[in-house]
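[1] Attaching a predicted model along with its sequence, questions to come.
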Amino acid sequence: MTSKDQRYAKMELRGSSYTKNWKTDLKSATCADPGFCCVSAICTCCVSYHLRKRFLRGDMSRYLCCNGDWPCSGRCGEQSQPELCLCMEVTFCFAQSVASTRWGIQDEMQLQNTQCDNCIIGTMIAAQYLACICWLAACISGNDVLNELAQLTDNIADILWCSVCACMQTQHKVQLDERDAHPGIVMSPYAAPRPQAMHGGGPPPQAPYGASPYAAPPQAAMYAPPPQYQAPPPGSYPPPPGGYPPPPQGYPPPQGWKQ
């Protein structure tokens, strides 16, 4: 199965096979943590950076650009400069960075969106498309009415985007709090960080392109324990040829010693 097929398979699992629910849904995320929601609305990129690093449990050796969801993932220098690459991702691909963190949390704990969550996210995306269509129509026709309509729809889309994105990142933060407080809710067998082994003093080997950053390490081969040592029974070894020499009758006196 190719990496593209694996991504599609994960998308289908999120919509059909995952049975767990988020700690809080989008419409209640603001009330769950109002302070963090306000910070998310103001410092969007910084919050996205913080949440991705927290999702990886601080182990940036597991980082892949956009969590491995794009063809460029694994080819952006993540192995040498993961922090810089993450900064570039949250700055220039902010929407994808938020979505990648969300999908990673869903795969790790097998979480499904509620119907209300899907409706809110779909409305936000539809407003962005509607604003784009209105701007294209205004540019082609040159009509002032269409230009004002495009500005109105664009403002509405921006308001929806900022509010929904802040609620979404707050939802992620609340869920990560729940994960850290109750590690048993982690469902994915590949969610735990890989053990770091030193190889000649250098960094640990990186997973090849296309491989999951959460792949479980290869299990060590199982060797049968050696048989328990048993002492040989008396008389099992034959005596040396000629028998054992007699013990010495005495030791010569040390030099300089007088009786």
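    Sure, I can see it.
[2] Mind listing what's buried along the top helix by length along the chain?
    Ranked by residue count and defined by DSSP state H, the top helix of the chain is helix 144-181. For helix 144-181, the neighbour count (16 or more other CB atoms under 10 Å) marks 146-147, 149-150, 153-154, 157, 160-161, 163-176, 179 as buried. Every residue, glycine included, has its C-beta placed from N, CA and C.
[3] Which other helices and strands does it contact?
    For helix 144-181, the elements it packs on are helix 26-32, helix 34-42, helix 44-55, helix 94-109, helix 115-141, judged by 3 or more CB pairs under 8 Å, 6 or more residues apart in numbering; DSSP states H and E.
[4] So what angle separates the directions of it and helix 94-109?
    Helix 144-181 and helix 94-109 are oriented at 30 degrees to each other (axes from the mean of the first three to the mean of the last three CA atoms, to 10 degrees).
[5] who's in contact with residue 37?
    Residues in contact with residue 37 (CB atoms under 8 Å, 6 or more residues apart in numbering) are 29-30, 166-167, 170.
[6] redo that, cut-off 10 Å
    Under the criterion of CB atoms under 10 Å, 6 or more residues apart in numbering, the neighbours of residue 37 are 29-31, 47, 163, 166-171, 173-174.
[7] cool, and residue 34?
    residue 170 are the contacts of residue 34 under CB under 10 Å, 6+ apart.
[8] quick one: pLDDT of it?
    Note on residue 34: pLDDT of 95.
[9] What's the separation between it and residue 101?
    Distance, residue 34 to residue 101, using CB to CB, to the nearest Å: 21 Å.
[10] And the contacts of residue 37, which two are furthest apart?
    31 and 47 (18.0 Å; CB to CB).
[11] who has more neighbours, those two?
    Set residue 31 next to residue 47 and count neighbours by other CB atoms under 10 Å: residue 47 wins out with 23 against 10.
[12] Spit out the contact partners of the more buried one.
    Under the criterion of CB under 10 Å, 6+ apart, the neighbours of residue 47 are 36-37, 39-41, 90, 98, 165-166, 169-170, 172-173.
[13] Distance of residue 55 relative to residue 169?
    Using CB to CB, residue 55 is found at 12 Å from residue 169.
[14] Identify the contacts common to those two.
    Counting by CB under 10 Å, 6+ apart, the shared contacts of residue 55 and residue 169 are 101-102.
[15] ok, residue 88 - contacts?
    Each residue near residue 88 by CB under 10 Å, 6+ apart is listed here: 65, 76-77, 81, 97.
[16] Try it again at 8 Å.
    Neighbouring residues of residue 88 by CB under 8 Å, 6+ apart: residue 76.
[17] Kindly indicate whether residue 23 is helix, strand or coil.
    Under DSSP: H, G, I helix; E, B strand; the rest coil, residue 23 falls in the coil class.
[18] Check it and give its pLDDT.
    Value for residue 23, per-residue pLDDT: 94.
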